[in-house]
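Undergrad: quick one, what's the 3D model for this:
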Amino acid sequence: MERLLERINEAVWGNGLILLLIGTGLFFTVKLRFVQLRAFTLPIRAHQRRSAQNRGLSQGKTVCMALGAAMGTGNITGAASAVMIGGAGAVFWMWVSALLGMAIVYAENCLSVKYSSGDVRGPMAYLSKGVRSPVLAYIFAFMCICAAFGMGGMVQVSSAADAVSVSSPLARPVVAVVSFVLISAVTGGGTKRIGSAASVLLPVASAAYGAACAAVLITFRENIPQAFADILSGAFSVRSAVGGISGLAVSRAVSVGIRRGIFSNEAGLGTSALLHSAAESDSPELQADWAMTEVFFDTVICCTLTALVMLCSPCRESVGAAFSAVLGRFGAPFIATELAVFAFCTVIGQFYCAGTAFRYITGNESGRTFSLLFAICSSLGAVLTARTVWTLSDIFNGLMALPNLLGLLLLSHNVTNKSRKTGNNSTNKNHVRGTEK
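TA: Below is the predicted model of the structure:
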């Protein structure tokens, strides 16, 4: 079974999808005149800009929910596995995926705000209304649900269970039960409870993780220059004497780096547009700018910190061992706690995506039954083999990206990096978001 899934994964994530992602990112980067640079000035400009307000989550809670959905275990285990599988060069391609992904999520959110309504949001909105292809919209929605159950649920719980089972005597079934109780308790309360939980947990976990990474890098600061040298040489090294072998290594670095980068920041998957559709603001510029900032923080900062910890630490067997070189016996418990918190934030954020897609397919709210089903499937990640869960997630991610990227390219003429007035035009007057639970 695992061999069959690996073959499917290789077919989905072949050169075609990699080139489509890179090409789409390059296209919007050029079209929008390197709009990514705006992300660095967002904190300065955010308080200066006022936008139309609708009933929904506050901008802060929306950002935490979206960032929490992206900043899952991919920032720790995903980045670490990218280094172990693809070598140091994979980090460079994670940066590339982030840079190009920033342009893609900008386009996603611009189109989402333009076409979303109370009952149809995100990629389903611009695929069904903009492209006028209900078939693509339904395909995306179905794959979104599968990806949320896999990448957003099972993968996160699986990674957390791996860390917890190593650092404590808790058995995996116990982790599964605890996960079920916590996930069902929060997701059963709807979007407001999800946003509130993410806005409390994410800042604390991020600050603690950043401080721990800083401690490791300061301790082994003499290794930092060599780590960056390895990243650059590993990304482009092609020696004539072993051209075939080196070329294969570079190819693996590209593939793994981009896949793990996308797993971390989800650029190109359309989830950013779904999550930002919960915001109280319907400003295309505001939502798109925040989405870009989230990708930068998620991959360029957090994933790079993880990778540098792995490359600088003398203990590279696992990310837990790398932190233990400085934190000692507290290293493994610390990583287990961080993974659990990040995983939980991702799971509850991905539930919102799955629920929105479910509502589009069925016409009904997801409800308590859907919440329980999601909690059960997510909790199963604690007892399934990690390799199978990761492979399934990669497959659904790829199948989810295809219709979304196609829609972005077909509607590229509607994407602009110019500011839009949001309170005085007919588009926004007719744009009304549905109320949440």
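
Undergrad: from here on, contacts and neighbour counts on C-alpha atoms
TA: OK.

Undergrad: tell me where the stretch 101-250 of the chain is predicted with low confidence.
TA: In the predicted model of the stretch 101-250 of the chain, residues 167-170, 237-250 satisfy pLDDT under 70.

Undergrad: what residues are up against the nearest residue to Asp394 once chain neighbours are set aside?
TA: Of all residues beyond its chain neighbours, the one nearest Asp394 is Asn9 (6.6 Å), with distances taken as C-alpha to C-alpha, 6 or more residues apart in numbering. Contacts for Asn9 (C-alpha atoms under 8 Å, 6 or more residues apart in numbering) come out as Thr391, Leu392, Asp394, Ile395.

Undergrad: which one of these has the most neighbours?
TA: Each of the contacts of Asn9 was scored by neighbour count (other C-alpha atoms under 10 Å); the top score is that of Asp394, with 25 neighbours.

Undergrad: now for whichever strand or helix holds it, which elements pack on it?
TA: Of the helices and strands defined by DSSP states H and E, Asp394 is found in helix 386-410. For helix 386-410, the helices and strands in contact under the criterion 3 or more C-alpha pairs under 8 Å, 6 or more residues apart in numbering; DSSP states H and E are helix 2-12, helix 15-31, helix 134-149, helix 156-167, helix 243-265.

Undergrad: next, the angle helix 156-167 makes with it.
TA: For helix 386-410 against helix 156-167, the angle between stretch directions is 150 degrees (axes from the mean of the first three to the mean of the last three C-alpha atoms, to 10 degrees).

Undergrad: coming back round to it: among the contacts of Asn9, which one lies nearest to Val96?
TA: Proximity of the contacts of Asn9 to Val96 was ranked by C-alpha to C-alpha; the top entry is Asp394 with 18.6 Å.

Undergrad: got a pLDDT number for that closest one?
TA: On pLDDT, Asp394 comes in at 78.

Undergrad: measure it to Ser128 for me?
TA: Here Asp394 is placed at a distance of 25 Å from Ser128 (C-alpha to C-alpha, to the nearest Å).

Undergrad: what do you get for Val177?
TA: Shown here: Val177 relative to Ser128, a distance of 39 Å by C-alpha to C-alpha.

Undergrad: of those two, who's got more company?
TA: Remark: of Val177 and Ser128, Ser128 carries more neighbours, 19 against 15, as counted by other C-alpha under 10 Å.

Undergrad: from Leu399, how far off is the residue lying closest to the more buried one once chain neighbours are set aside?
TA: Nearest residue to Ser128, sequence neighbours excluded (C-alpha to C-alpha, 6+ apart): Pro134, at 4.7 Å. Here the criterion is C-alpha to C-alpha. By it, Pro134 lies 16 Å from Leu399.

Undergrad: equivalent analysis for Ala321, please.
TA: The span separating Ala321 from Leu399 equals 35 Å under the rule C-alpha to C-alpha.

Undergrad: the two - which one has more neighbours?
TA: Leu399 (23 against 20).

Undergrad: quick one: pLDDT of the more buried one?
TA: At Leu399 the predicted local confidence, pLDDT, stands at 87.

Undergrad: contacting residues for it?
TA: With contacts defined as C-alpha under 8 Å, 6+ apart, Leu399 is in contact with Val12, Met143.

Undergrad: what of the one 3 residues further on?
TA: Taking C-alpha under 8 Å, 6+ apart as the definition of contact, the neighbours of Leu402 are Leu17.

Undergrad: any stretches of the stretch 301-437 of the chain with poor pLDDT?
TA: Across the stretch 301-437 of the chain, the ranges flagged by pLDDT under 70 are 385-386, 418-437.

Undergrad: what ranges do the strands span in it?
TA: In order along the chain, the stretch 301-437 of the chain carries no strands (DSSP state E, counting those that start in this stretch).

Undergrad: what distance do you get for the closest residue to Trp390 other than its chain neighbours to Phe140?
TA: Counting by C-alpha to C-alpha, 6+ apart, the nearest residue to Trp390 once its immediate chain neighbours are dropped is Val155, at 6.3 Å. Between Val155 and Phe140 the computed distance is 20 Å (C-alpha to C-alpha).

Undergrad: quick check: Met65 is in a helix.
TA: Yes: residue state for Met65 (DSSP: H, G, I helix; E, B strand; the rest coil) corresponds to a helix.

Undergrad: pLDDT score for it?
TA: Model confidence at Met65, given as pLDDT, is 70.

Undergrad: and it, how far is that from Gly78?
TA: Note on Met65: its distance to Gly78, by C-alpha to C-alpha, is 20 Å.

Undergrad: between these two, which has more neighbouring residues?
TA: Neighbours were counted for Met65 and for Gly78 using other C-alpha under 10 Å; Met65 has more, 31 against 25.

Undergrad: is it true that that one touches Val347?
TA: No: here Met65 does not reach Val347: they are 10.2 Å apart, not a contact under C-alpha atoms under 8 Å.

Undergrad: next, find the distance separating the closest residue to Ala79 other than its chain neighbours from Gly349.
TA: Leaving aside its chain neighbours, Ala79 sits nearest to Cys303 (5.5 Å; criterion: C-alpha to C-alpha, 6+ apart). According to C-alpha to C-alpha, Cys303 and Gly349 sit 19 Å apart.

Undergrad: tell me who's in contact with Arg121.
TA: Taking C-alpha under 8 Å, 6+ apart, one finds Ser112, Tyr115, Leu274, Ser277, Thr356 in contact with Arg121.

Undergrad: narrow those to just the buried residues.
TA: By the neighbour-count criterion of 16 or more other C-alpha atoms under 10 Å, these include these buried positions: Ser112, Tyr115, Leu274, Ser277, Thr356.

Undergrad: just flag the most distant two among these.
TA: When the buried ones among the contacts of Arg121 are compared pair by pair using C-alpha to C-alpha, the two farthest from each other are Tyr115 and Thr356, 15.0 Å apart.

Undergrad: pull the number of nearby residues for the spatially closest residue to Gly150 that is not a sequence neighbour.
TA: Closest residue to Gly150 in three dimensions, ignoring its sequence neighbours and counting by C-alpha to C-alpha, 6+ apart: Ser393, at 5.2 Å. Applying other C-alpha under 10 Å, we find 24 other residues in the vicinity of Ser393.

Undergrad: swap in Ala11?
TA: When neighbours are counted by other C-alpha under 10 Å, Ala11 comes out with 14.

Undergrad: what's the pLDDT at it?
TA: At Ala11 the predicted local distance difference test score is 79.

Undergrad: likewise for Arg49?
TA: Looking at Arg49, its pLDDT is 50.

Undergrad: I'm done for today, thanks for sticking with me.
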